[in-house]
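**Q** from the sequence below, what's the structure:
(one chain, ligands or ions: 3)
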Amino acid sequence: MLKVFSTLLTHIERPLYTSIMAKSKFEYVKSFEIEDKVLPNCWIVVRIDGQHFHKFSDKHKFEKPNDIRALKLMNKAAIRVMSEFKDISISYGQSDEYSFVLRKDTQLYNRRGSKIMTYINSLFTSSYVYYWKEYFEDKKLLYPPSFDSRIVLYPTDENIRDYLSWRQADCHINNLYNTTFWTLIQKGGLTNVEAEQRLCGTFSSDKNEILFTDFGINYNNEDEIYKKGTILLKKRITHPRSGKKRQVILPLHEDLIGNKFWALNSEILDIKSPEFYEWNGDLPKEILIQLHIYDENDEKMESNG
Ligand SMILES: Nc1nc2c(ncn2[C@@H]2O[C@H](COP(=O)(O)OP(=O)(O)OP(=O)(O)O)[C@@H](O)[C@H]2O)c(=O)[nH]1
Ligand SMILES: [Mg+2]
Ligand SMILES: [Mg+2]
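**A** Numbers count the residues shown, from 1 in each chain. Ligands and ions are numbered 1, 2, ... in the order given. Presented below is the predicted three-dimensional model:
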């Protein structure tokens, strides 16, 4: 029957007939695809991390221990991701990594893990490349960077808080180590190996002591973005001049381990809250620049930022 049917087909119709046959014959391979819908009612974390950024930062001559341009570029790419996906309620970034937290009730892509993870990763990566020249004006991007990503599910509010606390504690530990390490080299004239030996077996208090006693540096006075990383929150703000309401993604560099942060930003864990929540605190410099009301010479503004 099929044979007779096929001989009746004109040349134009032939490709269509072949494709119907292909579908029935090869379709079974679709069943090899695995269902990767993530567990309901859990916080979804997508964490991305730069691949071989030790080498990438070296090749692009990032300042040591922290290059503010690199961190701001990471933040810019993360803001792009967060504005695209409405169910991301908080993001946290430090060094070459960013974590995106999706509300536990999100139905984004029907909670298909690989869809969520790959879209977030590829938008982050393309944004990192796209915005590169805004932050490294004089520096050419030498090769295409890439980021790995993973998805982690946290069933309780305590778990998600502890996850974010873990990343911020990691930021603090690494930054204290790196700041002391590079101070010993850059200001103390030690070699890399000597600095490593000097720090071997030391506690946080010892590193603070080395910085203060040997170099007159009070670690507490280092920039907050280096010590605390960056928290991104969606907030509705009031324009300081026009009084108009605006929705912004607010970068904050503050402690998220203690209860104060969670009391002030209780909407993060409240699944019924609106996407953008009222913010009555000070506006960081980035937002003032965005609103075109930041004056470089304005000391008062600077102290707010
Ligand atoms: N100089 C400098 N280096 C940075 C900065 N931020 C990140 N890095 C580098 O990026 C690395 C990030 O660490 P990891 O993610 O653990 O290591 P990695 O080299 O990216 O390796 P994989 O993530 O395993 O691929 C740090 O060790 C630094 O070498 C920065 O602001 N300045
Ligand atoms: Mg890395
Ligand atoms: Mg890393």
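
**Q** CA atoms for contacts and neighbours, from now on please.
**A** Noted.

**Q** sticking with the closest residue to residue 45 other than its chain neighbours, tell me its helix or strand.
**A** Excluding its sequence neighbours, the residue lying closest to residue 45 (CA to CA, 6 or more residues apart in numbering) is residue 101, at 4.6 Å. Using DSSP states H and E, residue 101 maps to strand 97-102.

**Q** helix or strand next in line after that strand, which one?
**A** Following strand 97-102 in sequence, per DSSP H and E, is helix 113-130.

**Q** interface residues of the chain facing ligand 2?
**A** By CA under 5 Å from the ion, the part of the chain that sits against ligand 2 consists of 49, 50, 51.

**Q** can you give me the helices for the stretch 51-200 of the chain?
**A** 53-59, 68-84, 113-130, 132-135, 157-186, 192-199 (DSSP state H, counting those that start in this stretch).

**Q** dump the residue contacts of the residue of the stretch 201-305 of the chain found nearest ligand 2.
**A** Closest to ligand 2 within the stretch 201-305 of the chain is residue 229: 15.4 Å, counting by CA to the ion. Counting by CA atoms under 8 Å, 6 or more residues apart in numbering, residue 229 makes contact with 92, 93, 94, 95, 168, 171, 253, 254.

**Q** surely the fourth one and residue 72 touch.
**A** When you say that, I think you mean residue 95. No: assessed by CA atoms under 8 Å, residue 95 is found out of contact with residue 72, at 10.5 Å.

**Q** and these two? Which one has more around it.
**A** Legend: neighbour count by other CA atoms under 10 Å for residue 95 and residue 72, higher for residue 95 (20 against 16).

**Q** and the closest residue to that one other than its chain neighbours, what does it touch?
**A** Nearest residue to residue 95, sequence neighbours excluded (CA to CA, 6+ apart): residue 71, at 6.8 Å. Residue 71 makes contacts with 94, 95, 96, as judged by CA under 8 Å, 6+ apart.
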